[in-house]
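Asker: Sequence first, then the predicted structure, then my questions.
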Amino acid sequence: MEELDDVDSKILKCLTGDCRLSYRKIANYLNLSTSTVSKRINRMIDSGIILSFVPLLNSSLLNINMYIIGAKVKPGFDVDELASSIGNEEYVTNVFLTVGSYDMIVVLVAKNNKDMLEKIKRITSMNGVESFESFQIVEVKKQSPVNIPS
């Protein structure tokens, strides 16, 4: 894992606050040169620290239903293989490997309950899923990009 220095952390905080900020604005805000900001952002992209620049969408205003599946993986089954298969589904937004009641948490989106049932059935019938529990998100109270802890 690459260590971030204070400058990298400040650049990332600017981008997580608004990924549309120009390199020039970030440079002015942090009292750096535009080329320094550009080089550091490109290095963080190349190293995999920055995966993408995407907006956070208000799912309720877009009438997008979000669901969560907590899944237990069959003993002896390759968790990474199952996570990869699930993650390849276009309607899956996140797959998290976890410790606790479930081996993974899957976040997915659907148009309506019928669509959700079809998608959950598709995921939970995959080879390797031992058991699952599903949850519908009824209201998002906080949604934000990952922030670097202080």
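Answerer: Okay, I see it.

Asker: Could you check the pLDDT of Tyr102?
Answerer: The score at Tyr102 is 97. That number is its pLDDT.

Asker: got the contact list for it?
Answerer: For Tyr102, the contact set (Cβ atoms under 8 Å, 6 or more residues apart in numbering) comprises 70-72, 132-133. Where you see a C-beta, it was placed from the backbone N, CA and C, and this is true even at glycine.

Asker: how about 10 Å then?
Answerer: Each residue near Tyr102 by Cβ atoms under 10 Å, 6 or more residues apart in numbering is listed here: 68-73, 96, 131-133.

Asker: Quick check on the residues you listed: which are buried?
Answerer: Buried subset of the contacts of Tyr102 (neighbour count, 16 or more other Cβ atoms under 10 Å): 68-71, 73.

Asker: What is the nearest of those residues to Val37?
Answerer: Set against Val37, the nearest of the buried ones among the contacts of Tyr102 by Cβ to Cβ is Ile68 (36.4 Å).

Asker: Was I right to think that closest one contacts Glu133?
Answerer: Yes - Ile68 is in contact with Glu133 according to Cβ atoms under 10 Å; the separation is 8.8 Å.

Asker: Where does Ala71 sit: helix, strand or coil?
Answerer: strand (DSSP: H, G, I helix; E, B strand; the rest coil).

Asker: Can you tell me the closest non-neighbouring residue to it?
Answerer: Sequence neighbours aside, Phe132 is the residue nearest to Ala71 in space, at 4.6 Å (criterion: Cβ to Cβ, 6 or more residues apart in numbering).
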